[in-house]
Each structure stands twice: as C-alpha cells, then as structure tokens.
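Participant: Everything below, folded, please.
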Amino acid sequence: MGRKPSVGIIGAGLAGLTCGTALKGLVENIRVFEKSIFPGGRLGRFRAGEYEFNHGAQYFTVNNPLFWNIVSAWQTEGIVRPWDGWIVELQKGQIINSDMATQRFVGVPHMQMIAQCMARQCDLVTSANISELERQGDGVWRLFNERGDYQGAYDILIVATAAHQVADLCRSIPMIGELADKVDMTACWSGMFAFEHKLNIPYDAAFVLDSPLSWISRYQFKQSANDADCWVLHASPEWSQQYATSFRGRVMHAMLDAFWEATDLKMHKPASASVHCWKHAAPINPIREDSLFDERHAVGACGDWCTAPRIEGAVLSGFSMADRIMKHVRKVYP
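Facilitator: Coordinates of the predicted model:
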C-alpha cells in the first residue's frame, strides 16, 4: 500500500468509536470529533451530587455472532457483565408478566465505561461541534466548528451522528443526506430520581403499560455509603413528543406522579430529582442498510439509524463503515 489516507470521524457514539478503533493502524491518521464533553452519546451517565444514573441506554442484548465476540472481549476486560435483575411488566400497578428469559448486559460500573474504553484507543477531540464541511479541489475535506474554527483536513470523512445531523452535514451528498433526512427519530424524556432509603419495590426494572412511562429501572450499582435508591424513568415516545417543549419542572412532577401510579406506592419525596430530554433518542424507520458510503466524495455515514435502534445496531454499523473504508482505500490508495 502507498500513501495512507487520513480519516475524520464526526461523532463519538458507539458507531463512530467502533469505526475508529477498527481502522486503527490501517490508515494514516484518524481523528474523532465529539460535540459533547464525553464520548458515548446515548450511553450517557448523569451525576447529581453523590447520586449516579445511567440515564440513556440501560442495558443491551446480543443477537449477532460478531457482536457476541465483541461482548465476550468486553467481559474479559471487565467493562460489561450480564444483568440478572428481575424485570417485569407493569400495568396499573400490577405485575402482569416477568421477563427473565432475555439475556441482558450492562456496563461496569456504568454504561458509559464501554465508550470510555473505546475512546482511549482513538484520537478524540471533545467539545468540537463540527457544523461545516468544505471540499477542496484535490478532494480533501476541511472541517469547521460552529464558531468557524478550522479543525483539520481529511481524505475520508465519516459522519456518525443522529440522522438529522447527518442530513444537515451531508446536504451536498444526496445519496447520504436524502436517505438520512427520511429517518424519523423519537424523543424520550428521562427522569433521574434518588431517594434516601430503598423503596418497597421488589423488582429491578419494568416495562410499563398504559402509562406516560415506558420503562423504569433501579441503578444496578451502589452509589453512596447510605441506603439510597436511584431510579431512572423513561417516558413513552408519544408522551415525550407531546411534552417535548414543556418546562422541566412540569415534566419532572408528571413523571414522578406516573411512577407512583405505576408502582402502586405512596408518594415519597426524592432527595434528588432531574430530567433530561433525548430529542433524538431512537430511529422509527431505519434505512435497513448497515452503513452508507459515497466513493466519489469519500464520505460515509453510520449509526443505529442505519440498522436497528440498539447498541448492537450501532456497533455493527460502525464495523460495516470500517469495512467499506478499507475496500475504498485498497482501490484508491494501492
């Protein structure tokens, strides 16, 4: 192989990090840009004083053999473990079903640890909101942040963000931008509530029916020296969309009221209460392609919006993107 190309990756969620780590050593320079201060995207971790929450993805499942191999390696590293919590279905305060058959995994000591470990293998730039791409006459892409600051030039560019951001950045590349623009994303309000003492709830998590909430989960790791009980509540997509622009205080009280109704418990005052709106939580209509790549422009896109709204989908999309890049490199840089 002759000259190795440089690769710029926008987005340090699992798709972007997977692509970056898979390409390490195979191309000249890989840099990953992330607009947040932490990598991981919806593998988010939220802290409120001494309390901690996985306020994005709560767990993941495994179906694909390649992903099984990856998860096995993560287990060996000690950053994931099986989750043997008791998970039920709730309807109007009553347990109507128990879901113990599905094997689930969680990050250790939190979900964000998976992304943090992957990010250590990448040249990661955080707090870098790439908002403009400029192609030069020689085909190289120049990147600029929202302030117009120059962020470097790259032979190959990968956009590994939510679909709407891909559509905005790839307006000049119809085969990517137009497909991404057709993907609809759900919103999700996430509530994080800590109580000084453990609530009288025997199960660890529940899918909630006929409620503003769709999911409730007790944080699986001890947060502090006391007997605190931390819960994450996810509102349903319909309810989240309806209240997407509501005041946080209103959302917080509505979610907490729904929690007491769902668990059939009397109200307890939380020691800590916070809410966060994931405005682009999950794709409704993925394009059903593992990834996208325009060889003429040397631009690709990947993410769970390409495949399926799961951690597995994001990882497999990132691997697909890396494979497409390597085939392109072998062809263009022999």
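Participant: what does stretch 97-112 rub up against?
Facilitator: With contact meaning Cβ atoms under 8 Å, 6 or more residues apart in numbering, stretch 97-112 is reached by 38-40, 43-45, 52, 54, 56-62, 71, 78-83, 85-89, 113-114, 207, 220-221. C-beta here means a position set from N, CA and C on the backbone, and glycine is covered the same way.
Participant: gap between the two ends of that stretch?
Facilitator: 30 Å (Cα to Cα, to the nearest Å).
Participant: try stretch 176-190
Facilitator: End to end - Cα to Cα - stretch 176-190 spans 30 Å.
Participant: Report the secondary structure state of the most centrally placed residue in the chain.
Facilitator: Computing the C-alpha centroid of the chain and ranking residues by Cα atoms, centre = their mean puts R42 first, at 2.8 Å. Secondary structure for R42, judged by DSSP: H, G, I helix; E, B strand; the rest coil, is coil.
Participant: one step back: for ChimeraX, what selects the buried ones among the contacts of stretch 97-112?
Facilitator: To isolate the buried ones among the contacts of stretch 97-112 in ChimeraX, judged by 16 or more other Cβ atoms under 10 Å, type:
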select :38,39,40,43,44,45,52,54,56,57,58,59,60,62,71,79,80,83,85,87,88,113,114,207,220
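Participant: Can you tell me which of the contacts of stretch 97-112 end up in helices?
Facilitator: Counting by DSSP state H, the part of those found in helices is V71, M113, I114.
Participant: okay if I get the residues you listed as a markdown table plus distance to Q136?
Facilitator: Listed next are those as a markdown table, based on distance: Cβ to Cβ, whole Å:
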| residue | distance to Q136 |
| --- | --- |
| V71 | 41 |
| M113 | 39 |
| I114 | 36 |
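Participant: Can you check the pLDDT for the residue nearest to the centre of the chain?
Facilitator: What the model reports as pLDDT for R42 is 89.
Participant: Contact partners for the nearest residue to it once chain neighbours are set aside?
Facilitator: In this structure, R42 finds its nearest non-sequential neighbour in G56, 3.9 Å apart by Cβ to Cβ, 6 or more residues apart in numbering. Under the criterion of Cβ under 8 Å, 6+ apart, the neighbours of G56 are G40, G41, R42, L43, G44, M111, S190, W278.
Participant: what's the farthest-apart pair in these?
Facilitator: Using Cβ to Cβ, the contacts of G56 span at most 14.6 Å, a distance reached by G40 and S190.
Participant: Now flag whichever of the contacts of G56 is closest to F247.
Facilitator: Comparing these against F247 with Cβ to Cβ places S190 closest, at 15.9 Å.
Participant: That closest one sits in which helix or strand?
Facilitator: strand 185-195 (DSSP states H and E).
Participant: Extract the C-alpha trace of stretch 274-290 and format it as PDB.
Facilitator: Taking C-alpha atoms only, stretch 274-290 is exported to PDB below (Å, rounded to 0.1, in the frame of the first residue of the first chain):
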ATOM      1  CA  SER A 274     -33.600  15.800  37.500                       C
ATOM      2  CA  VAL A 275     -34.900  15.300  33.900                       C
ATOM      3  CA  HIS A 276     -33.300  15.200  30.500                       C
ATOM      4  CA  CYS A 277     -34.800  15.200  27.100                       C
ATOM      5  CA  TRP A 278     -33.200  13.000  24.500                       C
ATOM      6  CA  LYS A 279     -34.600  14.800  21.500                       C
ATOM      7  CA  HIS A 280     -33.400  12.200  19.000                       C
ATOM      8  CA  ALA A 281     -33.500   9.000  21.100                       C
ATOM      9  CA  ALA A 282     -34.200   6.200  18.600                       C
ATOM     10  CA  PRO A 283     -35.000   5.800  14.900                       C
ATOM     11  CA  ILE A 284     -38.500   4.900  14.000                       C
ATOM     12  CA  ASN A 285     -37.800   3.900  10.400                       C
ATOM     13  CA  PRO A 286     -34.100   2.800  10.000                       C
ATOM     14  CA  ILE A 287     -33.000   2.600   6.400                       C
ATOM     15  CA  ARG A 288     -32.000  -1.100   6.800                       C
ATOM     16  CA  GLU A 289     -28.600  -0.600   5.400                       C
ATOM     17  CA  ASP A 290     -25.600  -1.300   7.600                       C
END
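Participant: if you average pLDDT over that stretch, what comes out?
Facilitator: On average, stretch 274-290 scores 93.
Participant: Is M255 in a helix, a strand, or coil?
Facilitator: M255 - assigned by three-state DSSP - is helix.
Participant: ok, the nearest residue to it once chain neighbours are set aside to G11 distance?
Facilitator: Excluding the flanking residues, the one nearest M255 by Cβ to Cβ, 6+ apart is G191, at 4.1 Å. In this view, G191 and G11 are 26 Å apart by Cβ to Cβ, to the nearest Å.
Participant: Could I get the full set of helices for the stretch 1-150 of the chain?
Facilitator: Assigned by DSSP state H, counting those that start in this stretch, the stretch 1-150 of the chain shows helices spanning 14-23, 65-77, 112-119.
Participant: hey, which of those is tucked in deepest?
Facilitator: Mean neighbours per residue, mean count of other Cβ atoms under 10 Å, is largest over the helices of the stretch 1-150 of the chain for helix 14-23, with a mean of 27.
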